[in-house]
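Peer 1: Compute the structure for the input listed below.
(chains A and B)
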Amino acid sequence: MANAAPTLAAPAGAADAKLHRIAFAVMAVAVALAPFAFYPVFLMKAMCFALFACAFNLLLGFGGLLSFGHAMFFGGAGYFCAHAAKVWGLTPELAILAGAGAAALVGSVTGLLAIRRQGIYFAMITLALAQMIYFFAVQAQWFTGGEDGIQGVPRGKLFGLVDLSHMPAMYSVVAVIFLGGFLLIYRIIHSPFGQVLKAIREHEPRAVSLGYDTDYYKLLAFVLSATLAGVAGATKALVFQLASLTDVHWTMSGEVVLIALLGGVGTVFGPVVGALIIVTMQDYFSQLGAGVTIAQGVVFVICVLAFRRGIVGELSRVLKRSL
Amino acid sequence: MADEYILETRSLAKEFKGFVAVNGVDLKIRRGRIHALIGPNGAGKTTVFNLLTKFLAPTRGAILYNGRDITHERPAHIARRGMVRSFQISAVFPHLTVLENVRVALQRRRGHSLDFWHSAKALDALNERARELLDSVGLSAYASTVAVELPYGRKRALEIATTLALEPEMMLLDEPTAGMTHEDVERIAALIKRVAADRTVLMVEHNLSVVADLSNHITVLARGEVIAEGDYAQVSKHPAVIQAYLGAEHG
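Peer 2: From the prediction side, this is the model:
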């Protein structure tokens, strides 16, 4: 959309920023009202996956880096959070922080190894590292419970005060984490750092020739993405009171790619829409058994053929506004 | 002596698995000049460019910038020293607006670019300077256009504006007029002349009339070696140059 006021020409366009505020307000109201109509655990799961996908999209959509190992941060943080809550007896907020911290640490190490490569090589390195974490989770029974996972994780009392075994309290915490995480990612995308990140995505050699050490920027994006994916995974572990191998398995890394593609890579709201669709399909089609995967595959193929930019990506193209 | 020459190379060489692309090149680039690097296809011009800006690591030899050995520095570091390059294929950030393209460069000099917690509104302070730069290359009307939608010649102008934002001491232009229409070539040539008024320019260029028009000094490369040097009149009469160009065309 042509900017009418030439003196403004704000980065995202002032009109787009306003549209984003409205869309965010609608989303926040929907989050607040949805538990009256839908099953809260389903909604909490959707929010965890939405945050996970937003974190993933920060790296792929704005940094141009396709990680195929994000399950290690999501599931790894889940284990750490569950272990911290159950074995160390930490309060839920500290357990989530422990999970996020672990994801940040793993993200720093794997990021250092992976960002030196590009494209398919980057994806393969992240996949290989994630598989190492997976095998660690299988083997290290003393920490992860092996095949059984960590079950019966206590949700505990938030700040030692609010008992999260009450559904409304747990739901509120998840809602705050999701909306807060979303806002943080929005800010990152629209920060001076985000501008450089987009420039690197667009033309890395040019960014280098302008004097940017692009490795630092890519590493920071990787660590931020890993940490936020960790927050999502840790929160999910508390919601389901369970940390299991499912969340560190490579199929989880694939699932987040699918969610982001479905919603629209490089859009602000796409991952949320994608997560809602995928989680809905998994929950409402679960009576199909193995058919869920087939249904997912069909939806995915249709999406790729019909709207290559993802649902929100296509919408954004039609409206000529960034969403 | 270090003051006279801004950039020097000493027996610069690059081998790719036994193939010698650049072989013992000694360049001396005098401060404040427009220096052209010409030669037939495959002469190693772009490889020299990539070596100078450290996008490739030399196999042998040394590079001195302002008398300082920069042979082992990182490419981003060299850019921060004031030597900024362009690319053969236009290098804009396609999905950023024209204004944002220039701001990305201005932002580097401003610093604090790793601050992911600040709003990008902090960058609005750079808009005024960005507009001046766009104005200087005749792009002010396109400020909020997404760069990918610019015509080709305008993209190259945007690239120059982005490079100028860094106030480089030395600009390296890789085929600045390649693939341009006649009017665009004239516009870009005039622009290069103007920006070279207070800096050094090294350019690789195929269009010999542009070379003749702009450059004070020419180095001719063939098969990775320097075969002639001098101004256009000297170089164009040099038998080795005639042989290299005609030889390349006829056989």
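
Peer 1: Which parts of the helix or strand of chain B with the lowest mean pLDDT count as buried, going by neighbours?
Peer 2: The helix or strand with the lowest mean pLDDT-type score in chain B, counting by mean pLDDT, DSSP states H and E, is helix B:239-250 (a mean of 75). By 16 or more other CB atoms under 10 Å in any protein chain shown, the buried positions in helix B:239-250 come out as B:241, B:244, B:245. Every C-beta, even on glycine, is put in place using the N, C-alpha and C of the backbone.

Peer 1: what's the answer for stretch B:171-181, then?
Peer 2: For stretch B:171-181, burial by neighbour count (16+ other CB under 10 Å) applies to B:171, B:172, B:173, B:174, B:175, B:176, B:177, B:178, B:180.

Peer 1: Reformat those as a markdown table; add distance to residue B:161, pLDDT and secondary structure.
Peer 2: Formatted as a markdown table, the buried residues of stretch B:171-181 follow (distance: CB to CB, whole Å; pLDDT from 0 to 100; DSSP: H, G, I helix; E, B strand; the rest coil):
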| residue | distance to residue B:161 | pLDDT | secondary structure |
| --- | --- | --- | --- |
| B:171 | 12 | 94 | strand |
| B:172 | 16 | 94 | strand |
| B:173 | 13 | 92 | strand |
| B:174 | 17 | 90 | strand |
| B:175 | 18 | 89 | coil |
| B:176 | 13 | 88 | coil |
| B:177 | 16 | 87 | coil |
| B:178 | 18 | 85 | coil |
| B:180 | 16 | 85 | coil |
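
Peer 1: between those, which is nearest chain A?
Peer 2: residue B:172 (8.9 Å; CB to the nearest CB).

Peer 1: Toward the C-terminus, what is the element adjacent to the helix or strand hosting residue B:194?
Peer 2: Applying DSSP states H and E as the criterion places residue B:194 in helix B:182-195. Sequence-wise, the next helix or strand downstream of helix B:182-195 (DSSP H and E) is strand B:200-204.

Peer 1: Next, see if that next one gets close to chain A.
Peer 2: No - if you take CB under 8 Å from any CB of the partner chain as the test, strand B:200-204 misses chain A, and the best it gets is 13.9 Å.

Peer 1: relative to helix B:182-195, how tilted is that strand?
Peer 2: 150 degrees (axes from the mean of the first three to the mean of the last three CA atoms, to 10 degrees).

Peer 1: tell me the average confidence for the helix ranked longest in chain A?
Peer 2: Counting residues, the longest helix found in chain A (DSSP state H) is helix A:214-240. Averaged over helix A:214-240, pLDDT sits at 97.

Peer 1: Please identify the buried residues of that helix?
Peer 2: Here helix A:214-240 shows A:214-215, A:217-240 as buried, counting by 16+ other CB under 10 Å.

Peer 1: got the contact list for stretch A:152-159?
Peer 2: For stretch A:152-159, the external contacting residues (CB atoms under 8 Å, 6 or more residues apart in numbering or on different chains) are A:81-82, A:85-86, A:90-93, A:95, A:163-165, A:169-170, A:173, A:237-238, A:241-243.

Peer 1: 6 Å instead, please
Peer 2: By CB atoms under 6 Å, 6 or more residues apart in numbering or on different chains, the surrounding residues in contact with stretch A:152-159 are A:82, A:85, A:86, A:91, A:92, A:93, A:163, A:164, A:165, A:238, A:241.

Peer 1: now do stretch B:174-181
Peer 2: B:49, B:86, B:87, B:88, B:153, B:185, B:188, B:204, B:207, B:210.

Peer 1: Then stretch B:223-241?
Peer 2: B:20, B:21, B:22, B:23, B:25, B:44, B:212, B:218, B:219, B:220.

Peer 1: what does stretch A:124-143 give?
Peer 2: So stretch A:124-143 is contacted by A:67-69, A:71-72, A:76, A:110, A:114, A:117, A:144, A:245, A:248, A:253 (CB under 6 Å, 6+ apart).

Peer 1: can you pull the contacts of the nearest residue to residue A:303 once chain neighbours are set aside?
Peer 2: Take residue A:303 and drop its neighbours on the chain: the residue closest to it by CB to CB, 6 or more residues apart in numbering or on different chains is residue A:262, 5.4 Å away. Contact analysis of residue A:262 by CB under 6 Å, 6+ apart lists A:274, A:303, A:310.

Peer 1: count of residues packed around the residue nearest to the last one when sequence neighbours are not counted?
Peer 2: Meaning residue A:310. What sits nearest to residue A:310 in space, not counting adjacent residues and going by CB to CB, 6+ apart, is residue A:264, at 3.0 Å. Residues near residue A:264, counting by other CB atoms under 10 Å in any protein chain shown, number 28.

Peer 1: For residue A:264, grab phi and psi.
Peer 2: Reported as degrees, to the nearest 10, the phi and psi values for residue A:264 are phi 130, psi 100.

Peer 1: circling back to that earlier point, can you lay out the contacts of stretch B:223-241 as TSV showing pLDDT?
Peer 2: Shown next, in TSV, are those (pLDDT from 0 to 100):
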residue	pLDDT
B:20	90
B:21	92
B:22	93
B:23	92
B:25	93
B:44	89
B:212	91
B:218	94
B:219	94
B:220	93
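
Peer 1: re the thing from before, can you tell me how far the residue nearest to residue A:303 is from residue A:276?
Peer 2: Remark: distance between residue A:262 and residue A:276 (CB to CB, to the nearest Å) = 10 Å.

Peer 1: burial count for residue 107?
Peer 2: Here I'm looking at chain A. Other residues lying near residue A:107 total 28 when counted by other CB under 10 Å.

Peer 1: meant chain B, my bad for not saying
Peer 2: Neighbours around residue B:107, by other CB under 10 Å: 25.

Peer 1: check which helix or strand covers it.
Peer 2: Residue B:107 belongs to helix B:98-110 when elements are defined using DSSP H and E.

Peer 1: Let's verify the residue nearest to residue B:73 when sequence neighbours are not counted: helix, strand, or coil?
Peer 2: Excluding the flanking residues, the one nearest residue B:73 by CB to CB, 6+ apart is residue B:54, at 6.1 Å. Following DSSP: H, G, I helix; E, B strand; the rest coil, residue B:54 is assigned to coil.

Peer 1: what does the stretch 51-200 of chain B put close to chain A?
Peer 2: Within reach of chain A by CB under 6 Å from any CB of the partner chain, the stretch 51-200 of chain B has these residues: B:75-76, B:79-80, B:85, B:91, B:93-95, B:99, B:104-105, B:107-108, B:113-116, B:118, B:120, B:123, B:143-144.

Peer 1: Return the subset of those lying in helices.
Peer 2: Those of these mapping onto helices are B:75, B:76, B:79, B:80, B:99, B:104, B:105, B:107, B:108, per DSSP H.

Peer 1: tell me what the helix or strand encompassing residue B:160 is packed against?
Peer 2: Following DSSP H and E, one finds residue B:160 within helix B:152-164. Helix B:152-164 is packed against helix B:98-110, helix B:127-136, with contacts defined by 3 or more CB pairs under 6 Å, 6 or more residues apart in numbering or on different chains; DSSP states H and E.

Peer 1: 10 Å instead, please
Peer 2: The contact analysis (3 or more CB pairs under 10 Å, 6 or more residues apart in numbering or on different chains; DSSP states H and E) places helix B:152-164 against helix A:204-209, strand B:83-85, helix B:98-110, helix B:127-136, strand B:170-174, helix B:182-195.

Peer 1: Give me the distance from that helix to the chain's centre.
Peer 2: 12 Å (CA atoms, centre = their mean, to the nearest Å).

Peer 1: now stretch B:91-106
Peer 2: Stretch B:91-106 sits 18 Å away from the centroid of its parent chain (CA atoms, centre = their mean).

Peer 1: can you pull the buried residues of it?
Peer 2: Neighbour-count burial for stretch B:91-106 flags B:91-93, B:96-106 (criterion: 16+ other CB under 10 Å).
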